[in-house]
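J.: make a model of this:
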Amino acid sequence: MSIESPNGAAGVTQLFQLLRDGVPRTRAELAKSTGLARSTIAARVDELMRLGLITPIAETVSTGGRPPSMFALNPSARLVLAADIGASHATLAVTDLAGAVIADRSEPLDVRLGPELVLTWMVENAEGLLASIGRSSRDLAAIGVGIPGPVEHSTGQPVNPPIMPGWDRFDVPGWVRQHLDVPVLVDNDVNIMALGERALAYPGVEHLMFVKIATGIGAGVISGGALQRGAQGIAGDIGHVRVARGAGVPCHCGNTGCLEALASGPAIARALRAQGVAAESGSDVIDLVKRGNIDAIQAVRQAGRDIGEVLTACVSLINPSVIAIGGSMARVGEHLIAGVREVVYTRSIPLATEHLAIVQSAAAQNAAVLGASMLAIEHALSPESLTALVTA
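T.: Model prediction:
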């Protein structure tokens, strides 16, 4: 199929979409795969070279005469900034256009300090990281930010985030752009975790769920190779699905019986305290499990069953081929995942689970920052962004 276009900028942009996968190609291979004349390919390759977006690499073996040059994405042409803002921590990374981390920093940071203080930390540290590698904000193509609350994706604004006082409807992209004038993409943390997990461990998987179990519980859903946000950006909010065992258990959302009120880190700790076991937080639960405490192991296994009850409905609804379990509570290891598998594999129809893998996250604590990088890269290298760059 030809990618010829009467618009020169669009043609250059479309050719780049073939090269951005990083696979080296010759001009002849590009001409063959696009159906364009070699002279047209040569002109567009030259333009992409001028912009620094592609680079010549090691030459191929010649069949006679001068060896043909090969071209591929130049990952270092621009940089992106990736920020993972959690409830009590923040991680910042500068990556190249292939998502490779060049410099990063992680510190304890309470999101309840409010948007201006937290985002000031992000901006100041971004400038420091860039300076440490001899680059500046002029090299940034985009910024990806993940936050621990619902986000209206079209505006990048948090909407009624339960653990983020002062953030409701705050214009995160607008505030950041006053300091770093590049496109800013904001999403819920579990959505970007799904993007990061897929990019690192399952690039060829079209249907994947990432389930974050920590202070809260949520899921990022990738279906047909695309992140599914839903009509209002809250697709995957499984933490507030009612679970039968939770009848009467209050949740901070105002309802009772929510999965989050039974199976999150604080909920497990609360259940253990009711049994006389000293556990003030999810971290205490993890330590107890690692020390072999039977009560903690049983409580974690039950939390896995509760999560599995909700995921069984998800399996029937979206039929994923991978469910990756992440978040801080995933550090308890197989006990939690065993509970999830026990219920999902028992209650789902065989066809839905025949090729379903329920696994611990491969990206682990790096999932969110990798996903924030992917969010920024996808925008920076999108046809719309490249067309604007070519015509600038």
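J.: ramachandran coordinates for residue 140?
T.: With angles defined as degrees, to the nearest 10, residue 140 sits at phi -80, psi 140.
J.: what's the local residue count around the residue lying closest to it once chain neighbours are set aside?
T.: Take residue 140 and drop its neighbours on the chain: the residue closest to it by C-beta to C-beta, 6 or more residues apart in numbering is residue 182, 4.7 Å away. Every residue, glycine included, has its C-beta placed from N, CA and C. Around residue 182 there are 20 other residues, counting by other C-beta atoms under 10 Å.
J.: tell me the mean pLDDT over stretch 103-113?
T.: Average pLDDT, stretch 103-113: 95.
J.: how about the secondary structure of the residue nearest to residue 140?
T.: coil (DSSP: H, G, I helix; E, B strand; the rest coil).
J.: tell me, what's the model's pLDDT at it?
T.: 96.
J.: tell me where the stretch 151-300 of the chain has strands.
T.: Remark: strands assigned in the stretch 151-300 of the chain by DSSP state E, counting those that start in this stretch are 151-152, 157-158, 184-188, 208-213, 217-223, 226-227.
J.: which of those sits closest to residue 23?
T.: Ranking those by proximity to residue 23 (C-beta to C-beta) places strand 226-227 first, at 21.6 Å.
J.: how about a markdown table for the strands of the stretch 151-300 of the chain, with distance to residue 313 and mean neighbour count added?
T.: Putting the strands of the stretch 151-300 of the chain into a markdown table (distance: least, C-beta to C-beta, whole Å; neighbours: other C-beta atoms under 10 Å) gives the following:
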| stretch | distance to residue 313 | mean neighbour count |
| --- | --- | --- |
| strand 151-152 | 24 | 20 |
| strand 157-158 | 27 | 21 |
| strand 184-188 | 20 | 24 |
| strand 208-213 | 12 | 29 |
| strand 217-223 | 12 | 25 |
| strand 226-227 | 20 | 16 |
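J.: mean pLDDT lowest where, among those strands?
T.: strand 151-152 (a mean of 92).
J.: which neighbours in the sheet does that strand have, and how are they oriented?
T.: Next to strand 151-152 in the sheet, as set by DSSP bridges, lie strand 157-158 (antiparallel).
J.: is residue 163 in contact with residue 148, as I believe?
T.: Yes - Residue 163 lies in contact with residue 148 (C-beta atoms under 8 Å); the separation is 6.3 Å.
J.: ok, the two, which is more surrounded?
T.: residue 148 (25 against 15).
J.: the spatially closest residue to residue 164 that is not a sequence neighbour and residue 163, how far apart?
T.: Once flanking residues are discounted, residue 164 sits nearest to residue 149: 4.9 Å by C-beta to C-beta, 6+ apart. Between residue 149 and residue 163 the computed distance is 7 Å (C-beta to C-beta, to the nearest Å).
J.: do the same with residue 104
T.: In terms of C-beta to C-beta, residue 104 sits 24 Å off from residue 163.
J.: over to residue 29?
T.: 51 Å.
J.: before we move on, what about residue 329?
T.: 16 Å.
J.: over to residue 45?
T.: In terms of C-beta to C-beta, residue 45 sits 50 Å off from residue 163.
J.: contacting residues for residue 82?
T.: By C-beta atoms under 8 Å, 6 or more residues apart in numbering, residue 82 lies in contact with 92-95, 143-144, 369-373, 375-376.
J.: can you redo those residues as a markdown table with distance to residue 25?
T.: Shown next, in a markdown table, are those (distance: C-beta to C-beta, whole Å):
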| residue | distance to residue 25 |
| --- | --- |
| 92 | 34 |
| 93 | 29 |
| 94 | 28 |
| 95 | 24 |
| 143 | 30 |
| 144 | 28 |
| 369 | 31 |
| 370 | 26 |
| 371 | 28 |
| 372 | 29 |
| 373 | 25 |
| 375 | 27 |
| 376 | 25 |
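J.: now stretch 228-245: average pLDDT?
T.: Stretch 228-245 comes out at a mean pLDDT of 91.
J.: what do residue 163 and residue 148 both touch?
T.: With C-beta under 8 Å, 6+ apart as the test, residue 163 and residue 148 both reach 87, 111, 215, 216.
J.: between these, which is closest to residue 313?
T.: Looking across these and measuring by C-beta to C-beta, the closest to residue 313 is residue 216, at 18.9 Å.
J.: I'd assumed residue 263 was in contact with the closest one.
T.: No - at 10.3 Å, residue 216 does not count as touching residue 263 under the criterion of C-beta under 8 Å.
J.: more neighbours: which of those two?
T.: The neighbour count for residue 216 versus residue 263, taken as other C-beta under 10 Å, is higher for residue 263 (31 against 26).
J.: what pLDDT is listed against that one?
T.: 97.
J.: number of nearby residues for the residue nearest to residue 97 when sequence neighbours are not counted?
T.: Spatial nearest neighbour of residue 97, chain neighbours left out: residue 75 (4.7 Å); criterion: C-beta to C-beta, 6+ apart. Number of residues near residue 75 (other C-beta under 10 Å) recorded here: 18.
J.: who's in contact with the closest residue to residue 183 other than its chain neighbours?
T.: Spatial nearest neighbour of residue 183, chain neighbours left out: residue 142 (4.6 Å); criterion: C-beta to C-beta, 6+ apart. Going by C-beta under 8 Å, 6+ apart, residue 142 touches 80, 81, 182, 183, 184, 185, 376, 377, 379, 380, 385.
J.: buried ones in stretch 273-286?
T.: For stretch 273-286, the neighbour count (16 or more other C-beta atoms under 10 Å) marks 277, 279, 282, 284, 285, 286 as buried.
J.: and the second one, backbone torsions?
T.: Note on residue 279: backbone dihedrals following degrees, to the nearest 10 are phi -150, psi 110.
J.: correct me if wrong: residue 249 contacts residue 259.
T.: No - contact between residue 249 and residue 259 fails when scored by C-beta under 8 Å: they sit 10.2 Å apart.
J.: these two: who's more crowded?
T.: Shown here are residue 249 and residue 259; by other C-beta under 10 Å, residue 259 has more neighbours (27 against 16).
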